[in-house]
Every structure is written in structure tokens, then in C-alpha cells.
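Novice: need coordinates for the below:
(2 chains)
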Protein chains: 2
Amino acid sequence: MSRPNLHVALIHHPVVNKNGDIIASAVTNLDLHDIARTSKTYGVRTFYVVTPLKDQAELVDKIVAHWVTGAGGEYNPLRREALLLIRVKGSYEDVLADIRQEENQEPITVATSARDRPSLLPFEKFKGLLDKGVPVVLALGTAWGLAETFIEQSDYVLEPLKGSTEYNHLPVRSAAAIMLDRVLGCR
Amino acid sequence: MSRPNLHVALIHHPVVNKNGDIIASAVTNLDLHDIARTSKTYGVRTFYVVTPLKDQAELVDKIVAHWVTGAGGEYNPLRREALLLIRVKGSYEDVLADIRQEENQEPITVATSARDRPSLLPFEKFKGLLDKGVPVVLALGTAWGLAETFIEQSDYVLEPLKGSTEYNHLPVRSAAAIMLDRVLGCR
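Specialist: Below you'll find the model as predicted:
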């Protein structure tokens, strides 16, 4: 397969909290590092970090700058390479506009959720979408997951990850790693 | 398959630093949370955190206590369930002794490494080991990975994860998630 045209978007709004309220979550430093490193390993083209909060966007810029142009990048050039994938956007619309402009094509949007629901996109079909070469963006929710309003507006919802138990509360960092390995991993 | 007899050990010594020196690494809070949640999702029996440093062992005890018996567990009972899997040990020998005592059987030891080497254990054979029901312990290295002396003493070395690029620097949290999904995930 030629380099997959896959983009990852980590959504901080609209997501839900423990009580199901729609919130804007705070950025977690290790989400940036872990998902950037996994994205780099699996050949993801862009890792979008989406937050409407200005101070949070500034925090992401600061972390990325430390590793891309600052002391961090000298200390660990491999980390630099990974964090170079990050772009901060204020909304998902901005992400889609960015991909549209770069790829000259409408991206296909895939949302993720830990809940079962009708008409899910199986992993095998996800691979099929990527084989076609069209840009695909995989949206991951922070906090307690993507808001339903967000999910409804996506072209597809990926089938939820299942372990071997009823317990199903993976961190977004780990879920991202497993999803990318299932879709792009070399076996 | 009946419940797999798999145990995970996160090793903080002997591991190597960036320069290849053998060190005892510091415990990372999110390693505990992420690997505990993934372990719980995939039915791992015990998540051993191995450090010879007393202050680091105490730190782990404190974090676990907050979520298991303290305020954290009340706030988030699902997190409590996951962190209940954690046991702190001073050495890998103590881990093996613990499994031996609990299971009345000698555990099979599987080390992990990001480097290619001869006689690696493929994921399919790893599944085969688990199907036999004998206790298996999967050792993960923090920092820049397990020391060679540790790897040499293991019964098997698991084949390294490969993405779709030459870049191969996954966080241990993400590597753990991908390995457990490959071995125990429901597809």
C-alpha cells in the first residue's frame, strides 16, 4: 500500500463529561506525545489537536515548540519528528478545511465511540476506504468521549474496540494506538 | 478461550537510558493508569510494577491507594477496578515467585524489545502459549527499553511491533495496548 492518506483529530470539544454534559476538556500533555509517536510510527499524515479554548491552544503550541524548535528537539530528535505532525485547530470545521485545501478533495470523516450502535464501520472496511487513497480523518474524543451531535455529523462511526472482558474503558492514547495498529499495522 | 493466564510486568530496572547505560527509571503516573485500564479491558490477571527504589515503590502505593481505597475510587469506580490489578514488586524474581505461589506452576517469561533479533516469538505463537493455560508473564521496559541482560534471561522475546514506516518509537503505554490487542483482542 502506498502511504495512507489518514489524518487523526483529537477532539477537546464537543465531548462529554462523566455526567454526559457537553464540555471543552483540558489538553493532556501525554496525549500529544503518545498519539504523535504512534501516528508517526503508523504513517499518519497529520495529527490535529482540536480545542476552541485559546489558552489550551497556546499550551499545545508551547509544548510543540519546545520539542520542535527548542531544547527538547536537540535532546531527543525522534520526539521532534513525531511532534512535527501536530497542528492545532479551533474547530473540526477548520480541520476539514485544512485537509480539503491540502488534498484538493473532500475528506471522509470517521468518528469513534466505545458504544455499540447500528451501522458501524468495521475495521476491514476502514482499510478499504484507505486503499482508495481518498483523505480520511479519524476523530478521537477526550474526556468521556465525543458528543452525539458530533458523531451524528460524521460519515462513519468505527466499530468499538472490544477486549476479552465486559470492561471497556481504554484511555484515548491506548485506543488510538490499537486502532492505528488494526488499520495500518504490519503483520 | 477461558480467561487467559497472562500477567504484565512493567520494569523500571534493569532498563537502559538514551546512552545505553543500565538505570532504574522513575515511575510515570500515566503508565500505571493506562496499562492498568488496558490490562483490565483485555483480561490480564495481574499488572506488576517493578522497581527496586523504595521511594518509587511508595509513590506507586500512594497512587494506587488513592484510587482503590481513597477519594479517587469514589469519584471513578471504573478506575478503581483497573488499579486493583496493580502489585508493586522490588524485582522480577519477586514477580515470578508471586506467580509461582499463586498458580502453583512455573511461569513462562516473555520479554519485549523494539529491535529485531534471531528467534523471536511471533504473536500467533504467543496466542498458542496462552491457549495452553500455563501462566505467562509479559515484561515491558520503561525508559529506552529492557537491558540485554534481562532479555537474555527470558524464555522468549516477542517479535517487535512494526508500523507502516521506519519510525519505531512507541511509548510503552501504547506498545502494551497494541500487544494485548494483538494477543487477546476480539475481532
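Novice: only C-alpha atoms from now on, for both contacts and neighbour counts.
Specialist: Noted.
Novice: all helices for chain A, in order.
Specialist: A:29-42, A:54-68, A:71-75, A:77-83, A:92-103, A:123-131, A:148-152, A:172-184 (DSSP state H).
Novice: how far away is residue A:172 from chain B?
Specialist: Per C-alpha to the nearest C-alpha, to the nearest Å, residue A:172 is found 9 Å from chain B.
Novice: mind listing residues that contact the lowest-mean-pLDDT helix or strand in chain A?
Specialist: In chain A, no helix or strand scores lower on mean pLDDT, DSSP states H and E than helix A:71-75, which sits at a mean of 91. Residues from elsewhere that reach helix A:71-75, judged by C-alpha atoms under 8 Å, 6 or more residues apart in numbering or on different chains: A:66, A:67, A:79, A:80.
Novice: what stretches of chain A score poorly on pLDDT?
Specialist: Low-confidence segments of chain A (pLDDT under 70): A:1, A:187.
Novice: for the contacts of helix A:71-75, which one is nearest chain B?
Specialist: residue A:79 (8.5 Å; C-alpha to the nearest C-alpha).
Novice: what residues does chain A have near chain B?
Specialist: A:34, A:37-38, A:40-43, A:78, A:161-171, A:173-175, A:177-178, A:181, A:184-187 (C-alpha under 8 Å from any C-alpha of the partner chain).
Novice: how about 6 Å then?
Specialist: A:37-38, A:41-43, A:162-165, A:167-168, A:170, A:174, A:177-178, A:185-186 (C-alpha under 6 Å from any C-alpha of the partner chain).
Novice: PyMOL command for the buried members of those?
Specialist: Buried members of these can be picked out in PyMOL with the line below, counting by 16 or more other C-alpha atoms under 10 Å in any protein chain shown:
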select buried, chain A and resi 37+38+41+42+43+162+163+164+167+168+170+174+177+178+185
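Novice: just to revisit the earlier point, got a markdown table for the helices of chain A, with distance to residue B:7 too?
Specialist: Below are those laid out as a markdown table (distance: least, C-alpha to C-alpha, whole Å):
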| stretch | distance to residue B:7 |
| --- | --- |
| helix A:29-42 | 23 |
| helix A:54-68 | 35 |
| helix A:71-75 | 34 |
| helix A:77-83 | 30 |
| helix A:92-103 | 40 |
| helix A:123-131 | 28 |
| helix A:148-152 | 36 |
| helix A:172-184 | 18 |
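Novice: residues in contact with the nearest residue to residue A:5 once chain neighbours are set aside?
Specialist: Leaving aside its chain neighbours, residue A:5 sits nearest to residue A:135 (4.9 Å; criterion: C-alpha to C-alpha, 6 or more residues apart in numbering or on different chains). Each residue near residue A:135 by C-alpha atoms under 6 Å, 6 or more residues apart in numbering or on different chains is listed here: A:5, A:6, A:107.
Novice: recalculate using a threshold of 8 Å.
Specialist: Residue A:135 touches A:5, A:6, A:7, A:99, A:103, A:105, A:106, A:107, A:108, counting by C-alpha under 8 Å, 6+ apart.
Novice: kindly report the same for residue A:185.
Specialist: So residue A:185 contacts A:42, B:162, B:163, B:164 (C-alpha under 8 Å, 6+ apart).
Novice: run the last query once more with 10 Å
Specialist: When contacts are counted by C-alpha atoms under 10 Å, 6 or more residues apart in numbering or on different chains, residue A:185 touches A:41, A:42, A:43, A:177, A:178, A:179, B:161, B:162, B:163, B:164, B:165, B:178.
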